[in-house]
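[1] sequence plus the predicted model coming up.
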Amino acid sequence: MPNVAEVLREHVTLTVDCVDRLYLNAYVPRLQNEGGVVAFLLQRGQQIPSPALFADITAAFKSKLHQLCETHAIPWIEFRKGERKDDVVQPYRAAFTADEGVVLVGVAQERARAWAATKQMHERLVHFTFHWNSVYVNHYYVYLIDPEWGPAFIKICGYAPYAAKVCLNAHEWAKRRAARRGIAWTALDNGFLDSANPSALQTVCDELTAADIQAFVDRWLAYLPLPLTTDDRATGFDYRLSILQMEVSHTQVFDDPQRGREFFEEVIRDNLDLGRPDRIQLLVDRQVRTNTPGRFSTRVITEGILPSLHVEYKRCHIKQYFKEGRALRTETTFNDTYDFGIGRGLSNFAYLRTLGQCINSRLLQLERVAHDCGLSRSRLTALTTPGRTPAGQPAPALKLGDPRVSALLAALCLFALTPEGITNRRLRPLVAQLLGIADQEYTARQMGYDLRRLKRKGLIQPVTGKLCYTLTPYGRRVALFLTKVQARILRPGLQALDLHIVSDAPPPLRSACDALDTAIHNLAADAKLAA
């Protein structure tokens, strides 16, 4: 099988970067604190801010929504506990023939964070204090077809503070915009399988902005009956959008599905340690400390015969899977933007998209470099024998099999994609750990000598204006290739051939070599007898 870099270069027919699923929160900022709740009740004409008004608002909202369904013959269904809502809705969507409109309204009782009130009496005066409470209340799922976005839904909570959730798919938005511009494409589930003009298709995907998302929400909130009236929203009790979940995808379609499956399985085998803290920080460009929350792990999940690779950083989820047996989908999902020090406001949409694309790109680059890291014979000879630099400085050998060299190269692999520089202080404890010795036993002077010979062999180079080094492309290939050779070939091979290692069942390599020795001995003995 060709290496990963060759497959991605020669066997990918379409590459598309696009935002996939968007899950947004529409909330009313002024209803997020007790003072705002009191102001809302007072502006509704109440002399005493009584929570009884909340029940009236909820009943009126349900009545108006039910009336909308009756007027336009929109199905109204009650979701049962535990059933998958998309499965229930799909037949209604398939039967819906209009270009736009509400497909159905579904009701489900779900947990929500809502306002509760406590009544207090001071002589003849009544006073209410408001506090947050977790309650089960009705949520109304409005499934719709939008001319710009296609299938989507808005979930509205029927109780104060009347939050709403909006679910969109940016691939569907890109499909409709591309079709209006005359760009031919073939669908791959909710993505793209091929296109007559890939560059124009990518341009369409890149054109999505926060304003397009805001326009969708404004259009449908103006059409649907809401708990908050037009007057409420005009007096400052209006909705604002924040990002609850955002998926940024990179799709690569293969010309041969079999080639793609083989490639993906090879990639998984080489990257089972991506979830380790020292490697995940290379993908997300964030420092991972001992107190960083979250589970750092790599999981391989198989559905049928198709595996998928899952890496987690805090609440961020990085996933690779083989989509519909045709394409490699690399996908970063942001479940909490604060994991990256970014606010949840919709204004951060463009930055999050760029960040997700960078994470996807780093993962693919890491896989490409890790698998395409061979060395020519002349380069290997120059590396493992003493020599001199073009300036005449001595360049000591990096001897293959030497424990210190092996530990040094393995430690360099951890800096394969990091934006931080390589320093004596950062590299020395890693090398000492790989040698199995205390940090003080591998001295700063020894580390300085090793850094000099790495530099003179061309594996690292100084960073201008800083007291640190960075890996060269050649150094990255050398570190990955020789570390793999040591771990996968030399160490297990030499252990298998070592006669001093006794085992109940001899390793297959030792048995094969023993059989070869016996055959050669018998051949030589037969030759002597014939002579």
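    Yep, that arrived. Predicted, not measured: the structure shown is a model, and the values here were computed from it. Numbers count the residues shown, from 1 in each chain.
[2] strands along the stretch 401-531 of the chain, start to end?
    460-462, 469-471 (DSSP state E, counting those that start in this stretch).
[3] which residues of the stretch 351-500 of the chain score low on pLDDT?
    Confidence mapping of the stretch 351-500 of the chain against pLDDT under 70 gives the ranges 369-377, 417-420.
[4] for K399, grab phi and psi.
    phi -70, psi 130 (degrees, to the nearest 10).
[5] what strand or helix carries T118?
    In the assignment (DSSP states H and E), T118 maps to strand 101-122.
[6] any weak-confidence spans in the chain?
    1-3, 262, 264-307, 369-377, 417-420, 502-505, 531.
[7] which is the next helix or strand following the strand holding T118?
    Strand 101-122 is succeeded, C-terminally, by strand 125-146 (DSSP H and E).
[8] mind listing what's buried in that next one?
    128, 130, 138-146 (16 or more other Cβ atoms under 10 Å). (Glycine included, C-beta is placed from N, CA and C.)
[9] could you dump these into TSV with distance to L427 added?
    Conversion of the buried residues of strand 125-146 to TSV gives the following (distance: Cβ to Cβ, whole Å):
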residue	distance to L427
F128	63
F130	57
N138	59
H139	54
Y140	58
Y141	54
V142	57
Y143	56
L144	56
I145	57
D146	54
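[10] check those residues and tell me the two furthest apart.
    Farthest-apart pair in the buried residues of strand 125-146 is F128 and I145; separation 42.6 Å (Cβ to Cβ).
[11] before we move on, back to that, show me which of the buried residues of strand 125-146 is closest to A163.
    Using Cβ to Cβ, H139 is the member of these that sits closest to A163, with 9.6 Å.
[12] quick check: bridge partners of L14?
    Listed by DSSP bridges, the beta-bridge partners for L14 are V253.
[13] OK, contacts around it?
    For L14, the contact set (Cβ atoms under 8 Å, 6 or more residues apart in numbering) comprises 192-195, 198, 251-253, 327.
[14] now list the buried members of those.
    For the contacts of L14, a burial check counting by 16+ other Cβ under 10 Å picks out 192-193, 195, 198, 251-253, 327.
[15] of these, closest to W185?
    Of all the buried ones among the contacts of L14, the one with the least separation from W185 (Cβ to Cβ) is S195, at 4.4 Å.
[16] so how far is D255 from that closest one?
    Applying Cβ to Cβ, to the nearest Å, the value for S195 to D255 is 14 Å.
[17] check Y239 too.
    Distance of Y239 to D255, given as Cβ to Cβ: 46 Å.
[18] comparing those two, which shows the higher neighbour count?
    Per other Cβ atoms under 10 Å, whichever of Y239 and D255 has more neighbours is Y239, with 19 against 13.
[19] so which helix or strand takes in the closest residue to that one other than its chain neighbours?
    In this structure, Y239 finds its nearest non-sequential neighbour in A26, 4.4 Å apart by Cβ to Cβ, 6 or more residues apart in numbering. A26 is part of strand 12-27, with elements assigned from DSSP H and E.
[20] which positions in that strand come out as buried?
    12, 14, 16-27.
[21] ends of stretch 142-162, what's the gap?
    The first and final residues of stretch 142-162 sit 15 Å from each other (Cα to Cα, to the nearest Å).
[22] nearest to T118, of the strands of the stretch 401-531 of the chain?
    strand 469-471 (61.1 Å).
[23] which of the residues in that closest one are buried?
    With burial defined by 16+ other Cβ under 10 Å, the residues of strand 469-471 counted as buried are 469-471.
[24] which secondary structure elements does that strand contact?
    helix 444-456, strand 460-462 (3 or more Cβ pairs under 8 Å, 6 or more residues apart in numbering; DSSP states H and E).
[25] what residues of whichever helix or strand W220 is part of count as buried?
    Using DSSP H and E, W220 sits within helix 210-223. Neighbour-count burial for helix 210-223 flags 210, 212-214, 216-217, 220-221 (criterion: 16+ other Cβ under 10 Å).
[26] contact partners of it?
    With contact meaning Cβ under 8 Å, 6+ apart, helix 210-223 is reached by 22, 24, 26, 142, 144, 146, 148-149, 152, 154, 164, 166, 168, 173, 239, 241, 346-347, 349-350.
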